[in-house]
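[1] Sequence first, predicted model second:
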Amino acid sequence: PLQSHPSGRHFLQIPGPSNVPDRILRAIDNVTIDHRGPEFGELGKAVLAGMKKIFKTESHVVIYPASGTGAWEAALVNTLSPGDHVLMAETGHFATLWKRMAERLGLHVQFMEGDWRHGVDPAAVTAVLRADTGHRFKALCVVHNETATGVVTDVHAVRKAIDACGHPALLMVDTISSLGSVDYRHDEWGVDVTVSGSQKGLMLPPGLSFNAISAKALQASETATLRRAYWDWHDMLAINPRGYFPYTPATNLLYGLHEALEMLFEEGLDNVFARHKRLAAATRAAVQAWGLDILCSDPAQYSPVLTAVVMPQGHGADAFRATVLQHFNMSLGQGLSKLSDRVFRIGHLGYFNELSLCGTLAGIEMGLSLAGVPHRQGGVQAAMTMLADTAHSSQEGQ
Ligand code: PLP
């Protein structure tokens, strides 16, 4: 039976919320201050400026005390009007949830079908937008890192596909599970609204979410008529320059965000991205050595954040995950909606290093044996070999 207080740290290897570093927990554990006082104003200005560097934007960033879903809604209601047509791409569970939200808000969505094993196809975007000569589509919404599948979409290529047809649609991108883990450039890639959240690459607990907003998106918000109150960018932008918020902010999470930004800048964003790529490659080396399938079909689209592993026919992912939790005190990500019980997901993001990966993979390899899942031994060894072989190059940039 599951011990109520197992010894040692729980391994939280779901693809977010990710493990929160002690440094961040210590920062959150400070007295809550007056959110209208002078000390808070400095904190507010610092975190807003830091988040611009993370999004790589000179434009506006707003911070909501909300989960990522709130920031999805903010992106739509600030820029669109009832009955507007929106193009979205079915990369997986999260793209599907965003699509359902858009429909509930009164938008007409054309959903480009996908097989949940690929990212957005820029050629398909070009085909749809080229045919839209009347510019009916007001926005294209894509998920950068589909957390349900472990597939990354090339956002820059999507931007070029829109530009190739000279189409004026806004580009909105969900980076909830990629920001701070995968290279992302809001301004350079011409993204109009980027949506993100605190509980993945930013290493914070859940509870903060973000919009980065281009000048074009801000202009669209002047005439957009979807009902909005709490999510209205303008209330935020009126007071944010002085470091304050239009309502009570999540003060302690903002202390944590301040610390998270320091940690990311100390390591250097490029080093952070390289670390994620390297640990993801070692994870895949293990999965391949076990003889199991990676859900992502295109190696160019493998996620640096998580790997979704397909179970052999006749073996349920949920029973396997329960075995790992019971014996090794580790949580792995479950398969979502149509992937339920078919895949498990290994989170390798945020505050994570070589030995946390080796422990994760060892728990999986032992769990596969205990649960009677057919596989070859040697996955952990394959990962260790790759990590040792690449150890030298991983230090060079530091
Ligand atoms: N989009 C993506 C890509 C996600 O991974 C998630 C959550 O995991 C969400 C949206 C929804 O965010 P939240 O659960 O914080 O509301």
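    The structure has been received and is ready for your questions. As the structure is a computational prediction, the values presented were derived from the model and not from experiment.
[2] So what's the model's average confidence on whichever strand or helix holds N271?
    According to DSSP states H and E, N271 maps onto helix 269-290. Model confidence over helix 269-290, given as mean pLDDT, is 98.
[3] Helices of the stretch 101-250 of the chain, start to end?
    Counting by DSSP state H, counting those that start in this stretch, the stretch 101-250 of the chain has these helices, from start to end: 122-131, 155-164, 215-223, 233-239.
[4] Quick check: buried residues in the first one?
    This means helix 122-131. Of the residues in helix 122-131, those buried by neighbour count under the rule 16 or more other Cβ atoms under 10 Å are P122, A124, V125, T126, V128, L129. The way it works is simple: take the backbone N, C-alpha and C, and place the C-beta from them, glycine included.
[5] again, but for stretch 205-212
    Applying 16+ other Cβ under 10 Å to stretch 205-212 flags P205, G207, L208, S209, F210, N211, A212 as buried.
[6] okay, how far is it across it, tip to tip?
    With Cα to Cα, to the nearest Å as the measure, the first residue of stretch 205-212 is 20 Å from its last.
[7] that older thread, mind giving me a markdown table with the helices of the stretch 101-250 of the chain and columns for distance to the ligand and mean pLDDT?
    Compiled in a markdown table, those are given as follows (distance: least, Cβ to the nearest ligand atom, whole Å; pLDDT from 0 to 100):
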| stretch | distance to the ligand | mean pLDDT |
| --- | --- | --- |
| helix 122-131 | 19 | 97 |
| helix 155-164 | 13 | 98 |
| helix 215-223 | 19 | 98 |
| helix 233-239 | 19 | 98 |
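[8] taking those helices together, which one is wrapped up most tightly?
    Each of these was assessed for mean neighbour count using mean count of other Cβ atoms under 10 Å. The highest is helix 155-164, with a mean of 19.
[9] For the residue of the stretch 201-350 of the chain found nearest the ligand, give me its contacts.
    As assessed by Cβ to the nearest ligand atom, the ligand sits closest to P206 within the stretch 201-350 of the chain, at 5.8 Å. Counting by Cβ atoms under 8 Å, 6 or more residues apart in numbering, P206 makes contact with P17, S67, G197, S198, Q199.
[10] Give me the neighbour count for the fourth one.
    What that stands for is S198. Neighbour count for S198, taken as other Cβ atoms under 10 Å: 32.
[11] what residues are up against it?
    Each residue near S198 by Cβ under 8 Å, 6+ apart is listed here: L204, P205, P206, G207, L208, S209, F210, L253, G256, L257.
[12] Need the max-distance pair from those residues.
    The distance between the two most remote of those (Cβ to Cβ) is 14.9 Å, for P205 and F210.
[13] Could you pull up the contacting residues of the residue of the chain found nearest the ligand?
    Closest residue of the chain to the ligand, Cβ to the nearest ligand atom: G68 (2.8 Å). Neighbour list for G68: D174, I176, V195, S196, G197, Q199, S209 [criterion: Cβ under 8 Å, 6+ apart].
[14] Equivalent analysis for T248, please.
    Taking Cβ under 8 Å, 6+ apart as the contact definition, T248 lies against H35, P65.
[15] now do Q110
    If you count contacts by Cβ under 8 Å, 6+ apart, Q110 has them with H85, V86, L87, M88, V128, F137.
[16] and if you look at P374?
    When contacts are counted by Cβ under 8 Å, 6+ apart, P374 is found next to G291, P312, H315.
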